[in-house]
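Q: based on what follows, work out the 3D shape:
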Amino acid sequence: QVPRAPSQPLASSESRRFTNKHSKKALKASLTLGILLGMFFVAWLPFFITNVAQAVCDCVPAGFFDVLTWLGYCNSTMNPIIYPLFMRDFKRAMGKFLPCCRRSAEPRPSAISLSMRNSNSGPRAATSLKNVL
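A: Numbers count the residues shown, from 1 in each chain. This is a model prediction of the structure:
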């Protein structure tokens with residue numbers, strides 16, 4: 001028999017924790033995607049069915065068609081509300097660029113630093129995978 005190294009139980013618990021963390025993220029991403037797709041179908045499916053019915057029988061009142069069109073437009077309005085509610089990364093990205101969402105401790109990037117960062121000129125910090133992600 002080979003004696004167990006003391007790091008094996010630790011590695012096992014860390015791999016379980018890693019798996020649980022990623023499964024929670026995957027579940028949350030699936031939930032967000034399900035909500036977005038569900039709202040899309042609820043908002044746009046009546047419009048498309050009515051559109052086909054209108055092409056076949058010309059029996060849909062114009063006012064009803066307009067209401068269904070605006071229901072689809074409302075879905076597009078809901079997306080910017082849903083993303084920040086369910087996605088932490090989206091909140092962080094918006095917090096960097098929108099002054100109303102920025103935390104007081106975060107400094108506001110200047111236009112010069114943004115243009116220097118986006119151009120190929122000027123001093124540049126070493127890029128690593130950690131900085132990119």
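Q: which strands or helices does the helix or strand hosting Leu45 pack on?
A: Element membership for Leu45 (DSSP states H and E) is helix 7-57. In this structure, helix 7-57 makes packing contacts with helix 62-86, judged by 3 or more CB pairs under 8 Å, 6 or more residues apart in numbering; DSSP states H and E. All C-beta spots, glycine's among them, are computed from the backbone N, C-alpha and C.
Q: what's the mean pLDDT across whichever helix or strand comes after the helix it packs on?
A: Helices and strands here follow DSSP H and E; after helix 62-86, the next one along the chain is helix 88-97. Over the span of helix 88-97, the pLDDT mean works out to 79.
Q: tell me what angle helix 88-97 forms with helix 62-86.
A: Angle between the axes of helix 88-97 and helix 62-86 is 90 degrees (criterion: axes from the mean of the first three to the mean of the last three CA atoms, to 10 degrees).
Q: pull out the buried residues from helix 88-97.
A: In terms of neighbour count (16 or more other CB atoms under 10 Å), helix 88-97 has its buried residues at Met94.
Q: tell me what it is packed against?
A: Counting by 3+ CB pairs under 8 Å, 6+ apart, helix 88-97 packs on helix 62-86.
Q: report the contact partners of Pro46.
A: The neighbours of Pro46, taking CB atoms under 8 Å, 6 or more residues apart in numbering as the test, are 68, 71.
Q: ok, Asp58 next?
A: With contacts taken as CB under 8 Å, 6+ apart, Asp58 has no neighbouring residues.
Q: quick check: closest non-adjacent residue to Phe86.
A: On the basis of CB to CB, 6 or more residues apart in numbering, the spatially nearest residue to Phe86 that is not a chain neighbour turns out to be Thr32, at 4.2 Å.
Q: one step back: between helix 62-86 and the helix holding Leu45, find me the angle.
A: 170 degrees.
Q: tell me the confidence at the residue nearest to Phe86?
A: Predicted confidence (pLDDT) for Thr32: 81.
Q: over to the one 4 residues further on?
A: Note for Leu36: predicted pLDDT of 84.
Q: neighbours of it, how many?
A: The local packing of Leu36 (other CB atoms under 10 Å) involves 16 other residues.
Q: that one contacts Ser76, doesn't it?
A: No: using CB atoms under 8 Å, Leu36 is not in contact with Ser76; the gap is 11.4 Å.
Q: no further questions, thank you.
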